[in-house]
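Trainee: sequence unknown, structure follows:
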């Protein structure tokens, strides 16, 4: 027996959300509407936080350095204007929230890349 709220939440969520974690570098393709024109704007950066599992209120925070200044954007995971989320690098981190990257400068702010261990015998 599903409630009315559960039906609404299911209708508001996307099924094709790619799997990414904090530490990953992603490109978010978002459709922007200006006056009578529409265009796709790409925001590329490191995922520093992901809040909520996969419900309609789930969000993720992406951080990038632009012109020497840190820029963060919080995206709702199921935002209708997000066309595509692609993972460009998989990061190796030991925290769920990477807020400590805000204080780091230069090469120290980079996240190490994760290498999948393939043990073949």
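Mentor: Yes, it's here. All values derive from a computational prediction rather than experimental measurement.

Trainee: ok, now how distant is residue 81 from residue 43?
Mentor: Residue 81 sits 12 Å away from residue 43, going by Cβ to Cβ, to the nearest Å. From N, CA and C alone the C-beta is placed, and that goes for glycine too.

Trainee: Just the local confidence number for residue 75, please.
Mentor: For residue 75, the pLDDT comes out at 94.

Trainee: Identify the residues contacting it.
Mentor: Contact analysis of residue 75 by Cβ atoms under 8 Å, 6 or more residues apart in numbering lists 28, 30, 59-62, 82.

Trainee: same check, this time on residue 30
Mentor: 40-43, 75, 79, 81-83.

Trainee: let's see 6 Å
Mentor: 41, 81-82 (Cβ atoms under 6 Å, 6 or more residues apart in numbering).

Trainee: Tell me the helix or strand right after the longest strand seen in the chain.
Mentor: Identified as the longest strand of the chain according to DSSP state E is strand 37-51. Once the chain leaves strand 37-51, the next helix or strand it forms, by DSSP states H and E, is strand 59-66.

Trainee: Return the distance of that following strand from the chain's centre.
Mentor: Its chain's average C-alpha position is 8 Å from that of strand 59-66, according to Cα atoms, centre = their mean, to the nearest Å.

Trainee: So which bits of that strand are buried?
Mentor: 60-63 (16 or more other Cβ atoms under 10 Å).

Trainee: helix or strand right after it?
Mentor: strand 69-76.

Trainee: Next secondary structure after that next one?
Mentor: In N-to-C order, the element after strand 69-76 by DSSP H and E is strand 82-89.

Trainee: Could you tell me which strands that following strand is paired with, and in which direction each runs?
Mentor: Sheet partners assigned to strand 82-89 using DSSP bridges are listed as strand 25-34 (antiparallel).

Trainee: quick one, the strand it pairs with and strand 59-66 angle?
Mentor: On the basis of axes from the mean of the first three to the mean of the last three Cα atoms, to 10 degrees, strand 25-34 is oriented at 90 degrees to strand 59-66.
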